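1. For reference, the sequence and a predicted model appear below.
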Amino acid sequence: MITFTSYDGTVLVCHERGEGPALVCLPGGPGRSSGYLGDLGGLSARRRLFLLDNRGTGESAAPRDPDTYAMDRMVADVETLRVRLGFERMDLLGHSAAGGLALLYAARHPERIAHLVLVTPSVHPAGIEITDEQWYAGIERRADESWYESRLPDLEAWDAGDESRRLRAQPFFYSPWDETAEAHATRFADRSPEAAKRFHTGMPAAEQTRAGLAKVTAPVLVIAGEQDPGPSPAHAAELAGIFPHGTSVVLPGAHYPWVTAPEAFAEAVEGFLGDRPAGGVRSTSSRPDR
């Protein structure tokens, strides 16, 4: 476990797992600890994962100023972690809402990215909108599954703001919805309400973000889940097209492909990152204390 102090004095924790070239991983939610990422479908067998607990989640402290939960402000946490780890450039992975955080980081620090992996990411920071019609078209693709009719009211209530229905709505974000998926959804259901509420506030203009992303010369992989209501494979392809060297791939599953299709997920990410230890390129600083 690596403990470090961010720009505003907030003490953050990053968990290290596995061996091999480094991959810095940002959890989504928003407001969830990194625990739900697990070993990313066995990726830790070939990569050293640095799993950040974002401020106010997991073992990281809550900030004094709740406005610093904003995605744009949390970019500084990611940069502080990079410096703490001693990387000149890093391989960076962001999931879901933290895909948006990774986008903002890459736009602000394009020279610090060696490879960027965006797993079923938020696309809104780049100015790509998922309409209600597109969202529910994705939802309706699951209509022939046995749980659909009983769980659809939960999804609709959660969409309307009833956080108590969030867990009941989770079958729409896993494919297949089986014992493995249910166990993962149940075990990692908790998130910080304060962090979740403020995460999307104060976002930079999409035009500004897209201009920064156009300067990312590193390879970028955007992963979509075949059954994910958002981002859809089309949204993932649109996001990949913003980057000079972006590509997208569609994997079996939905919003958590490493849970329900671990081998396919690990193979896709490792195939993209390759054998070159770009994510572990360090500066002259020493290895961080544990």
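-> Received the coordinates, thanks. Please read these numbers as outputs of a predicted model, since none were measured by experiment.
2. Below-threshold pLDDT in the protein: ranges please.
-> In the predicted model, the chain carries pLDDT under 70 at residues 275-290.
3. residue ranges for the strands of it, please.
-> 2-5, 11-17, 22-26, 48-53, 90-95, 113-119, 220-225, 246-251 (DSSP state E).
4. With respect to residue 80, which of the ones you listed lies nearest?
-> Counting by CB to CB, residue 80 lies closest to strand 2-5 out of the strands of the chain; the figure is 6.5 Å. To be clear about C-beta, it is placed using only N, CA and C from the backbone, and glycine gets the same treatment.
5. Can you report how many residues lie near residue 159?
-> Under the neighbour criterion other CB atoms under 10 Å, residue 159 is assigned a count of 14.
6. same question, the one 3 residues further on
-> When neighbours are counted by other CB under 10 Å, residue 162 registers 13.
7. Pick out the residue closest to the middle of this structure.
-> Using CA atoms, centre = their mean, the residue of the chain that lies closest to the mean C-alpha position is residue 95, 1.5 Å off.
8. For that one, which residues count as its bridge partners?
-> Here residue 95 sits in beta bridges with residue 119, going by DSSP bridges.
9. my guess is it contacts residue 101, does it?
-> No: in this structure, residue 95 sits apart from residue 101 without contact. The criterion is CB atoms under 8 Å, and the distance is 9.8 Å.
10. still on that earlier bit, next, format the strands of the chain as CSV and append distance to residue 126.
-> Formatted as CSV, the entries for those read as follows, by distance: least, CB to CB, whole Å:
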stretch, distance to residue 126
strand 2-5, 29
strand 11-17, 26
strand 22-26, 16
strand 48-53, 21
strand 90-95, 13
strand 113-119, 10
strand 220-225, 10
strand 246-251, 11
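11. tell me the most buried of those strands?
-> Of all the strands of the chain, strand 90-95 has the most neighbours on average by mean count of other CB atoms under 10 Å, namely a mean of 29.
12. Mind giving me the packing neighbours of that one?
-> Secondary structure elements in contact with strand 90-95, counted by 3 or more CB pairs under 8 Å, 6 or more residues apart in numbering; DSSP states H and E, are strand 22-26, helix 97-108, strand 113-119.
13. a markdown table for the ones you listed, including distance to residue 60?
-> Formatted as a markdown table, the helices and strands packed on strand 90-95 follow (distance: least, CB to CB, whole Å):
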| stretch | distance to residue 60 |
| --- | --- |
| strand 22-26 | 12 |
| helix 97-108 | 14 |
| strand 113-119 | 21 |
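14. Out of these, which is closest to residue 86?
-> Relative to residue 86, the nearest member of the helices and strands packed on strand 90-95 by CB to CB is strand 22-26, separated by 10.2 Å.
15. Which neighbouring elements make contact with that closest one?
-> For strand 22-26, the packing partners by 3+ CB pairs under 8 Å, 6+ apart come out as strand 48-53, helix 71-85, strand 90-95, helix 97-108.
16. Partner strands of it, with direction?
-> Taking DSSP bridges as the criterion, strand 22-26 pairs within the sheet with strand 48-53 (parallel), strand 90-95 (parallel).
17. which residues touch the last one?
-> Among residues not part of strand 90-95, those counted as contacts by CB atoms under 8 Å, 6 or more residues apart in numbering are 21-28, 37, 40, 78, 82, 100-103, 105-106, 112-121, 269, 273, 278-281.
18. how about the residue nearest to residue 245 when sequence neighbours are not counted, phi and psi?
-> Spatially, and ignoring its direct neighbours in sequence, residue 245 is nearest to residue 219 (4.9 Å; CB to CB, 6 or more residues apart in numbering). The phi and psi torsions at residue 219 (degrees, to the nearest 10) take the values phi -70, psi 140.
19. residues in contact with residue 219?
-> Applying CB under 8 Å, 6+ apart to residue 219 gives the contacts 115, 116, 245, 246, 247, 272.
20. let's see it at 7 Å
-> By CB atoms under 7 Å, 6 or more residues apart in numbering, the contact set of residue 219 is 115, 245, 272.
21. so what's the last one up against?
-> It refers to residue 272. By CB under 7 Å, 6+ apart, the contact set of residue 272 is 115, 117, 219, 221.
22. The first one bridge partners, please.
-> When you say that, I think you mean residue 115. The residues that residue 115 bridges to, once DSSP bridges is applied, are residue 91.
23. Do I have it right that it meets residue 273?
-> Yes: counting by CB atoms under 7 Å, residue 115 touches residue 273, with 5.5 Å between them.
24. So for stretch 127-145, what gets flagged as buried?
-> For stretch 127-145, burial by neighbour count (16 or more other CB atoms under 10 Å) applies to 128, 130, 134, 138, 139, 141, 142.
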